[in-house]
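Chemist: Pasting a predicted model and its sequence here:
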There are 2 protein chains.
Amino acid sequence: MIPSTDWIANLKYDANGLIPAIAQDYQDGAVLMMAWMNRESIALTVATGEAHYWSRSRSELWHKGATSGHIQKVKQLFYDCDADTLLIKIEQVGNIACHTGARSCFFKEVELAET
Amino acid sequence: MIPSTDWIANLKYDANGLIPAIAQDYQDGAVLMMAWMNRESIALTVATGEAHYWSRSRSELWHKGATSGHIQKVKQLFYDCDADTLLIKIEQVGNIACHTGARSCFFKEVELAET
């Protein structure tokens, strides 16, 4: 069965043709990273079941984990109410999503005011 | 105690002075929404303990829940490894984050290819 991909064309991309994608662990719900996708990387993500992003720093398609082995197997993919953000629920191979070696890119916590 | 807010100045904002902020339920980990913040909204979020965003559609500061009552009490705030995305763990008052009335903005799931 070939899934319809009309929704890919109908997403709201920014001026650079990109849309933010949040990668969340499909089991425990940890938010692991946020990166950007373009139409091509979304289509590849859907077709292969592995997360593909657009690297803004390298200006190239980025098959996450292609060099590190830390690929992301996509379990579910959602877009939000105004179709300008993606959420992918993934199995993070190696349990490391961040290029620093951390599990999640969100390891820097700041102090809030005491209210 | 007044927390240091040097980190706010050191975040990487986009060309419009904005940074994406992911709001996640602090208890069950559900990703509820993604919206944008600028320096002022981050400072207000930290100072008040309630999420403030920048509304791109209205071009104004947006105290989430100010009209609906669905405010977001911030429990933890993180920035990511390259300091260009925020993650806030929140208590969502009313358990509704989305303007559609849904709990989460990410309720549209797409079909993946069978791999």
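Modeler: Arrived safely, thanks for sending.

Chemist: Mind telling me which residue of chain A is nearest chain B?
Modeler: Closest to chain B within chain A is residue A:29: 2.8 Å, counting by Cβ to the nearest Cβ. From N, CA and C alone the C-beta is placed, and that goes for glycine too.

Chemist: got a list of what that residue touches?
Modeler: B:24, B:28-31 (Cβ atoms under 8 Å, 6 or more residues apart in numbering or on different chains).

Chemist: In helices only, show me those.
Modeler: Using DSSP state H, no member of those sits in helices.

Chemist: Nearest to residue A:65 among those?
Modeler: residue B:31 (21.3 Å; Cβ to Cβ).

Chemist: does the closest one really touch residue A:31, like I thought?
Modeler: Yes - with contact defined as Cβ atoms under 8 Å, residue B:31 reaches residue A:31; the gap is 6.6 Å.

Chemist: Can you pull the residues that touch both of these two?
Modeler: Joint contacts of residue B:31 and residue A:31 (Cβ under 8 Å, 6+ apart) are A:22, A:24, B:22, B:24.

Chemist: Report the contact partners of the first one.
Modeler: Yep, that's residue A:22 we're talking about. Taking Cβ under 8 Å, 6+ apart, we find residue A:22 in contact with A:31, A:33-34, A:85-88, B:22, B:31, B:34.

Chemist: how far out from the middle of the chain is the longest helix along chain A?
Modeler: If you go by DSSP H, chain A has its longest helix at helix A:39-48. Distance, stretch centre to chain centre, for helix A:39-48: 11 Å (Cα atoms, centre = their mean, to the nearest Å).

Chemist: With just CA atoms, put the very next helix or strand once past that helix into CSV.
Modeler: Downstream of helix A:39-48, the next assigned helix or strand under DSSP states H and E is strand A:52-55. Below are the C-alpha coordinates for strand A:52-55, written out as CSV (Å, rounded to 0.1, in the frame of the first residue of the first chain):
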residue,chain,number,x,y,z
HIS,A,52,16.0,12.4,7.4
TYR,A,53,16.6,16.1,8.1
TRP,A,54,17.9,19.1,6.3
SER,A,55,21.2,20.3,7.8
